[in-house]
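Colleague: I need the structure of the sequence given here:
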Amino acid sequence: MSDILFHRDNYVFSYRVAGLLLRGNKLLLQKPANDTGFAFPAATLSLAKPAQIL
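Modeller: As a prediction, the model looks like this:
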């Protein structure tokens, strides 16, 4: 299966899905090792991959 990517000129857009997890007054974020910012936990989508219900 391949990730959903869009190429245009010198740019690549990777289709991702993010989620928010709130518990009380806390929000779950991730901090990439090579970045000073924070992001919502996310994952790339793949073509023809079935959805998983938890």
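Colleague: quickly find the element holding Val12.
Modeller: In the assignment (DSSP states H and E), Val12 maps to strand 11-14.
Colleague: could you list every helix and strand that that strand packs against?
Modeller: When contacts are defined as 3 or more Cβ pairs under 8 Å, 6 or more residues apart in numbering; DSSP states H and E, strand 11-14 packs onto strand 5-8. Any C-beta I mention is one placed from the backbone N, CA and C, and that applies to glycine too.
Colleague: where do the strands sit along this structure?
Modeller: Assigned by DSSP state E, the strands in the chain fall at 5-8, 11-14, 16-18, 22-23, 26-27, 42-44.
Colleague: export those strands as a markdown table, with columns for distance to Asn34 and mean neighbour count.
Modeller: Formatted as a markdown table, the strands of the chain follow (distance: least, Cβ to Cβ, whole Å; neighbours: other Cβ atoms under 10 Å):
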| stretch | distance to Asn34 | mean neighbour count |
| --- | --- | --- |
| strand 5-8 | 21 | 9 |
| strand 11-14 | 16 | 9 |
| strand 16-18 | 17 | 11 |
| strand 22-23 | 27 | 8 |
| strand 26-27 | 22 | 10 |
| strand 42-44 | 16 | 12 |
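Colleague: could you tell me the least trusted of these?
Modeller: Confidence, taken as mean pLDDT, is least for strand 42-44 of the strands of the chain (a mean of 83).
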